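Participant: Next input, structure requested:
(chains A, B, C and D)
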Number of protein chains: 2
Amino acid sequence: MLETESNKPTKKSGQVTIVDLAKHLGISVATVSRALNDKSDISPLTRKAVLDAAVELDYKPNLLAQSLNKGKTNTIGVVIPNVELPFFATALAEMQRVALRSGYRVIVCHSGESEEIEVLNTETLIACRVDGILLSHAKETNSFDHIKHVIDKGIAIVNFDRVCNEIDTAKVIHEDFKGSFCLVEHLIEQGCKKIGIMLGPEKFYISQIRLAGYKAALEKHGIALSTDYIVYSEMKKNDGTRVFDYFMSLPNPPDGIFTMLSRNAIEMMVEAKKRKMIIPEEIAFVGFGDDALAEFFEPSLTVFNHFPAKVGEAAINMLIENIDKKESFLPYTQAITGELIVRNSSLKNGIS
Amino acid sequence: MLETESNKPTKKSGQVTIVDLAKHLGISVATVSRALNDKSDISPLTRKAVLDAAVELDYKPNLLAQSLNKGKTNTIGVVIPNVELPFFATALAEMQRVALRSGYRVIVCHSGESEEIEVLNTETLIACRVDGILLSHAKETNSFDHIKHVIDKGIAIVNFDRVCNEIDTAKVIHEDFKGSFCLVEHLIEQGCKKIGIMLGPEKFYISQIRLAGYKAALEKHGIALSTDYIVYSEMKKNDGTRVFDYFMSLPNPPDGIFTMLSRNAIEMMVEAKKRKMIIPEEIAFVGFGDDALAEFFEPSLTVFNHFPAKVGEAAINMLIENIDKKESFLPYTQAITGELIVRNSSLKNGIS
DNA sequence: ATGAAAGCGCTAACAT
DNA sequence: ATGTTAGCGCTTTCAT
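Facilitator: Next up, the predicted model:
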C-alpha cells in the first residue's frame, strides 16, 4: 500500500491509467492488468489490492487502448436514414437492447437521407474499426460502392429494410410481397375495383417488390392494371396530399388506395374528409407499417404491421452471427413475418 | 514506387496501416503520416505518391490509434431514455446533424428508462473516452452520483430535457413554467373552471416546474387549487386512459385537462369520445409538446410546442462550448423559447 | 506469482 | 524534406 504523494494522473488524457494504479501500489502494470482481467496466475491478495485501488482512484479502463491492442472493438455501427421515422426509432431501440445484452456498444449514424453522408458515415465506422455494420439506405443512394468496400475489407455487414438488391449482402427484410398482396386483396374483398398505389422512389427495391405484390393481387382477382393508378414519390411530408389530388383529378378516380408509408394514407384521409368523402364507403385506405398515428386517427387505418422491433432484433443477431463466423459466414436473407391489422379505414361493414 | 509482393496487410486488425503504406513506398511511417495529415515539411511529389498509394491500397486511418495518441476522440456520447418518444428522436437527429458539421462523431446509448442502464451507459462512454456527454435522465433515475463522477473527471456534460436540479450541470430546458402557464391560462380563457393536470413522475424536475406554472395560472385567475385535480404518472402507454377514468370518477370532474405528454391527452380524448362527450365544449384538452399525432388527431390537440430540434441544437452547441473551454467553462442553463399552438381540442368558438 | 518488454497504429518531437 | 524514436494505455508473451 506504498503511498506516494503523486496519486493524480499525469498523462495526456487526464484520466487514471493502469500505470497510475501500478505506481500507487508499487507493482508492475502487468500484474495490475492481470488482476483487472481476472486472470489465473495471481495471488488473491494482490488482486484484491488492485481492485480496491481501482475503486479508490476511480480507474476506468480505456476502451480505445484495449480495442487497439485486441484488434476488436466490440462496437457495432448503425447507419439509418432518419430516426424520426417511427420504424427506424423502434428498430434502433431494439438493436441497442440486444447489443447491450450481447456485450456490444452501438454507434449510430444518420444519413439524413443523403447518399454523401451515408458514404461518409460508412467510412467513419470503418475508421472506428467497428466489428460490424447495420445499414439501411438513404433514399438518395444510387451507388453501392461503399458497401462493396465494407465487404472487401472483411467487415461484417447486414442490410435491413431499405436493402439494395444489386449486392449480395446479408439482409433482413419484411414480407414486402405478401404484405402488399394482403392489403390489396383485402381492399378487393371489400369491394374496391379501382385501386391506387403510392410507392416510395422507383429505384427502391421495396417499391418494386410491393408493386409486384399489388400487381399479383389485381391479377388474381382479374382486375386490369392501369398505370394511372401507380405513383412513386420521394417520401416528403405532405406528398400524400399531392398524390391524392392527382388521384382525384383522374377521369376515373380510385375507390381504394394503398400507400407504402402509413403517414401518407393519413394525409390522404385528411384531404378526403375535407372533401366530405365517406371513408371507407366511397374510398378506402390501407398502409404499410403500423404506428400510433394509424391507430389513433379517425378512421383508424388498416395496415400491414411489419414489426419494426423484430426487424431490429433479427438484423443485429444476424450481424453478430456474421461477426462470430467471420469468413465462413454466408450471406442470406431473412424476411420477418408481418400481420394484417384491419381497421375502419377499409372495413365497409363498419365495426367501431 | 518500389514494389514488394507483400502488399497485403499482415497485422492483427487485417486492415491497411501506415506501416503498410510506408513499406509499399519504401519510405518511413513519419513521412506517410505527414503526407496524410497535410503537414508543411513535405515534398509535393512524396505527398502525391502517398495519397495515391492510400487510395490504391484502400487505406483508412485507425481512429482508435489516432484518438489514443491525441488524447481526444472527437466523439460525443448521448444518453437518452427512449428514441421512440418523438421528442428524443427529433432532438437526436438534430444533434447528429450539428455534430457532423462540427467534426464530431456521436455514440448513442438508450437507457430504456432504466437507472441501472443509464449508469452503465455513462461508464461506457467514459471508457470510450468521449470528449463530452449529452444526457437526459431515465424516469427511474434517483441517484445522480454517475453525473458527479463525470464532472469530477473533468468530462464535459450537458443535461437536457429531463434534467436533475440537484447538481450544478450545464442544462438545456424548455420554458416549462411559461409553457404550462400559457396552456392553463388558455383553458381558463376558454371558460374552463375545473382544470385537471396529468404530470410525469413526481420527482421529475419538469413535473415540478410544470405544476408550478399550472398553479400560477390558477392563482392569477382566482381559481382555487384542488389536489384531486393533480395526478402524477409513470408515463406508461394508456396511462392517459386510466387517469381519465379517475378524473371522470370524481364527484366534480374537470372541464379541462392538461397533460405533460401529448400522447396522454390523445388517449384521453379517445376515451372521452367513447363516452360521447363533446370536445372542447364539455371537456377541453391541451398537451405539452407537439407531434404528428397532436396535429392529425380529431379534434386536433392544442399544445405548447417545445421545439425538440432547437433543444438538440442548443444542447450540443453548449457541449461543444464546454469541450472547447474545458476548465474555464461555467455551467449555465438555457431555456428554449416555445410557442402555444391553439387547435380544436380547446378552442370553443370552433374554427376548423 | 510477478516483472520486463514488445506491440496494436498513429503522431510528434527530435534529429539529420 | 525525411528518418528515428518515444509514447498514448493496454494485453500478452517470455522470463524469472
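Participant: Show me which residues of the helix or strand harbouring A:V243 are buried.
Facilitator: Using DSSP states H and E, A:V243 sits within helix A:239-249. Buried residues in helix A:239-249, counted by 16 or more other CB atoms under 10 Å in any protein chain shown: A:D239, A:G240, A:R242, A:V243, A:F244, A:F247, A:M248. All C-beta atoms are positioned from the backbone trio N, CA, C, and that covers glycine.
Participant: And for the closest residue to the last one other than its chain neighbours, the neighbour number?
Facilitator: Right, the one you point to is A:M248. Excluding the flanking residues, the one nearest A:M248 by CB to CB, 6 or more residues apart in numbering or on different chains is A:R275, at 7.5 Å. A count of nearby residues for A:R275, using other CB atoms under 10 Å in any protein chain shown, gives 11.
Participant: DNA strand C versus A:R275, what's the distance?
Facilitator: A:R275 is 61 Å from DNA strand C, where distance means CB to the nearest atom of the strand, to the nearest Å.
Participant: try A:E84
Facilitator: Look at A:E84 and DNA strand C: by CB to the nearest atom of the strand, they are 35 Å apart.
Participant: The residue nearest to A:M248 is in contact with A:F247, isn't it?
Facilitator: No: if you go by CB atoms under 8 Å, A:R275 and A:F247 don't touch, sitting 11.6 Å apart.
Participant: Please name the residues that touch A:G338.
Facilitator: A:H174, A:E175, A:K178, A:G179, A:F304, A:N305, A:H306, A:F307 (CB atoms under 8 Å, 6 or more residues apart in numbering or on different chains).
Participant: one more time with 10 Å, if that's ok
Facilitator: A:174-176, A:178-179, A:182, A:288-290, A:303-307, A:310-311 (CB atoms under 10 Å, 6 or more residues apart in numbering or on different chains).
Participant: before we move on, what about A:A54?
Facilitator: With contacts defined as CB under 10 Å, 6+ apart, the neighbours of A:A54 are A:V16, A:I18, A:D20, A:L21, A:H24, A:V32, A:A35, A:L36, A:K60, A:P61.
Participant: What is the burial count for A:D38?
Facilitator: Look at A:D38: counted by other CB under 10 Å, it has 9 neighbours.
Participant: Three-state assignment for it, please.
Facilitator: For A:D38, the assignment made with DSSP: H, G, I helix; E, B strand; the rest coil gives coil.
Participant: which residues do A:R275 and A:F247 both contact?
Facilitator: By CB under 10 Å, 6+ apart, A:R275 and A:F247 have these common neighbours: A:I283.
Participant: List, one by one, the residues from chain A near DNA strand C.
Facilitator: Chain A comes close to DNA strand C at residues A:26-31, A:34, A:40-43, A:45-46, A:65, A:68-69, A:71, as judged by CB under 7 Å from any atom of the strand.
Participant: Of those residues, which count as buried by neighbour count?
Facilitator: Among these, those buried by neighbour count (16+ other CB under 10 Å) are A:I27, A:T31, A:R34, A:I42, A:A65, A:L68.
Participant: Switch those residues over to CSV; also include pLDDT.
Facilitator: Output for these, formatted as CSV (pLDDT from 0 to 100):
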residue, pLDDT
A:I27, 95
A:T31, 96
A:R34, 95
A:I42, 90
A:A65, 96
A:L68, 95
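Participant: which of the residues you listed are close to chain B?
Facilitator: Residues shared between these and the neighbourhood of chain B are A:A65, A:L68 [CB under 10 Å from any CB of the partner chain].
Participant: Nearest to DNA strand D among the buried ones among the residues of chain A next to DNA strand C?
Facilitator: Taking CB to the nearest atom of the strand as the measure, DNA strand D sits nearest to A:A65 out of these, at 3.3 Å.
Participant: Isn't the closest one up against A:I18?
Facilitator: Yes: taking contacts as CB atoms under 10 Å, A:A65 lies within contact range of A:I18: 9.2 Å.
Participant: Could you pull out the buried residues of stretch A:197-205?
Facilitator: The neighbour-count check on stretch A:197-205 (16+ other CB under 10 Å) flags A:I197, A:M198, A:L199, A:G200, A:P201, A:F204, A:Y205 as buried.
Participant: closest to chain B among those?
Facilitator: Chain B has its nearest neighbour among the buried residues of stretch A:197-205 in A:M198, at 17.3 Å by CB to the nearest CB.
Participant: quick one, phi/psi of the closest one?
Facilitator: Main-chain torsions, A:M198, degrees, to the nearest 10: phi -110, psi 120.
Participant: distance of A:L301 from A:A284?
Facilitator: Separation of A:L301 from A:A284 (CB to CB, to the nearest Å): 10 Å.
Participant: Which residues are in contact with each of these two?
Facilitator: Residues touching both A:L301 and A:A284 (CB under 10 Å, 6+ apart): A:N344, A:S345, A:S346.
Participant: Relative to DNA strand D, which of those residues is nearest.
Facilitator: A:S345 (56.8 Å).
Participant: list the contacts for the closest one?
Facilitator: Applying CB under 10 Å, 6+ apart to A:S345 gives the contacts A:256-257, A:265-266, A:268-269, A:272, A:279-280, A:283-287, A:294, A:297-303.
Participant: 6 Å - rerun?
Facilitator: Shown in contact with A:S345 (CB atoms under 6 Å, 6 or more residues apart in numbering or on different chains): A:I279, A:P280, A:F285, A:P299, A:L301, A:T302.
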